[in-house]
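Asker: Provided below are the primary sequence and the corresponding predicted coordinates.
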Amino acid sequence: MRSAKITLNCGRLNVPTAASIDRIARLHLAARRSGCELELAEANPYLLELIGFVGLSGVLGVEAGRQAEKRKQLRCVKEECEVGDPPSG
């Protein structure tokens with residue numbers, strides 16, 4: 001059985017806040033519980049980045065327009081010392 005799709009027009013949401021994301025997440029949950037799928041329409045890049053920042057992009061099925069840069073692997077430096085040695089620095 002195919003689930004119904006609900007479209008939420010986010011075009012008028014110019015300055016998204018944490019409260020905006022909370023409301024969208026609650027709508028998404030209510031839609032899922034009703035057997036529907038929530039789709040965001042006209043979401044601006046700020047909204048998409050905020051959704052990604054709070055970790056809900058996978059849950060809400062959205063992706064920010066630009067990819068985050070890959071981070072360089074930090075190299076671990078181990079310093080050998082004796083138990084009685086004062087810390088270097």
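Answerer: Okay, I see it. Numbers count the residues shown, from 1 in each chain.
Asker: what about Val59, distance to Arg26?
Answerer: Distance of Val59 to Arg26, computed by Cβ to Cβ, to the nearest Å: 12 Å. (Glycine included, C-beta is placed from N, CA and C.)
Asker: neighbour count winner among these two?
Answerer: Ranked by neighbour count (other Cβ atoms under 10 Å), Val59 and Arg26 place Val59 first, with 13 against 10.
Asker: next up, the contacts around that one.
Answerer: By Cβ atoms under 8 Å, 6 or more residues apart in numbering, Val59 lies in contact with Ala25, His28.
Asker: can you dump the C-alpha coordinates of the strand or helix carrying it into CSV?
Answerer: Assessed by DSSP states H and E, Val59 sits inside helix 57-60. The C-alpha coordinates for helix 57-60 follow below in CSV (Å, rounded to 0.1, in the frame of the first residue of the first chain):
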residue,chain,number,x,y,z
SER,A,57,18.5,15.5,8.0
GLY,A,58,18.4,11.7,7.8
VAL,A,59,15.1,11.5,9.8
LEU,A,60,13.4,14.2,7.7
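Asker: in it, what's buried?
Answerer: Going by neighbour count (16 or more other Cβ atoms under 10 Å), the buried part of helix 57-60 is Ser57, Leu60.
Asker: just stretch 42-51 next, same as before
Answerer: Of all the residues in stretch 42-51, those buried under the rule 16+ other Cβ under 10 Å are Ala43, Leu47, Leu48, Glu49, Leu50, Ile51.
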